[in-house]
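Chemist: got a structure for you, letters missing:
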C-alpha cells in the first residue's frame, strides 16, 4: 500500500485505522471509512472493470458518483459506486463485468 497523508495544514492530523478487505478474492488493506476507490488506488489498482461492449479498461472517472464508471459488487450487492462507498473491515469487493440495466433488443433488462 502506498504512503498516506496523515498530517495536513488545514485538516487535523488523521488517525488511520487500517483494515483488510478483498478485491477479486485478493486480500488488500485500506483505511476504514475512506472510499473504496481511494483504498484501491492506494493499492495500485487502477482498472475497476471492463467496458461491456468493447472490453476497454474502466477506472475512476468523475469520483463524485455521477458517471457510474466505478461500479463494483460489494458483499454480493451489485452496482455499488466505489467512489461513494466507504471501506469497511472485511468487505468483499469484486469487479462488475455486466451492464447494470439497459434496454437491449426490446427487453428492459439484460
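Modeler: Nice, thanks for sending it over. Bear in mind that the values here come from a model prediction, so they are computed numbers and not experimental data.
Chemist: burial of residue 61, as a residue count?
Modeler: 14 (other CB atoms under 10 Å). Backbone N, C-alpha and C define where each C-beta goes, glycine included.
Chemist: which phi and psi does it have?
Modeler: phi -120, psi -70 (degrees, to the nearest 10).
Chemist: ok, now which ones touch residue 60?
Modeler: For residue 60, the contacting residues are 37, 41, 46, 48, 69, 70, 82, 83, by CB atoms under 8 Å, 6 or more residues apart in numbering.
Chemist: pLDDT value on the fifth one, please?
Modeler: So the one you mean is residue 69. pLDDT for residue 69: 82.
Chemist: Kindly report the same for the third one.
Modeler: In this model, residue 46 is scored at 89, pLDDT.
Chemist: That one sits in which helix or strand?
Modeler: Using DSSP states H and E, residue 46 falls within no helix or strand.
Chemist: please renumber so the chain begins at 82
Modeler: All right, first residue 82 from here; so that's residue 127.
Chemist: quick one: the nearest residue to it once chain neighbours are set aside from residue 118, how far?
Modeler: Of all residues not flanking residue 127 in the chain, residue 140 sits nearest, at 5.0 Å (CB to CB, 6 or more residues apart in numbering). Distance, residue 140 to residue 118, using CB to CB, to the nearest Å: 8 Å.
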